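A.B. asks: sequence first, predicted coordinates after that:
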Amino acid sequence: MDNKFLHKVLNQLVRETRIDYDMGEIQFPFSSSYYSTSHHSSTLFYLLQTHFSDHCKNVYGLNEEETMYVWKEYKEIIISKIKNNG
């Protein structure tokens, strides 16, 4: 597992995630829908995990272990951004 590459993927995904704090909406780079930031975060991320996994495999060529590593880090960053308004 190349952590340098995985962190580049992680940073790219975070940059591509659009959070509108005023409207309370979030759009993920691996989904075409907008979601409310008021959803319970664990439920929201559970629903999106398959989309995330498919995106990482198809766009970045990550395997399952690499995808799970990036997913864990990504969730923590995005949840923190939502809770702290950036």
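C.D. replies: Alright, I've got the coordinates.
A.B. asks: so Ser32 is in which element?
C.D. replies: In the assignment (DSSP states H and E), Ser32 maps to no helix and no strand.
A.B. asks: quick check, pLDDT for it.
C.D. replies: Per-residue pLDDT puts Ser32 at 87.
A.B. asks: repeat for the one 5 residues further on
C.D. replies: Here, the pLDDT recorded for Thr37 equals 82.
A.B. asks: am I right that it is in contact with Phe28?
C.D. replies: No: distance between Thr37 and Phe28: 11.7 Å, which falls outside the contact criterion (Cβ atoms under 8 Å). Any C-beta I mention is one placed from the backbone N, CA and C, and that applies to glycine too.
A.B. asks: ok, the two, which is more surrounded?
C.D. replies: It is Phe28, of Thr37 and Phe28, that has more neighbours when counted by other Cβ atoms under 10 Å, with 22 against 19.
A.B. asks: so what's that one closest to, chain neighbours aside?
C.D. replies: In space, and not counting its chain neighbours, Phe28 is closest to Thr17: 5.7 Å by Cβ to Cβ, 6 or more residues apart in numbering.
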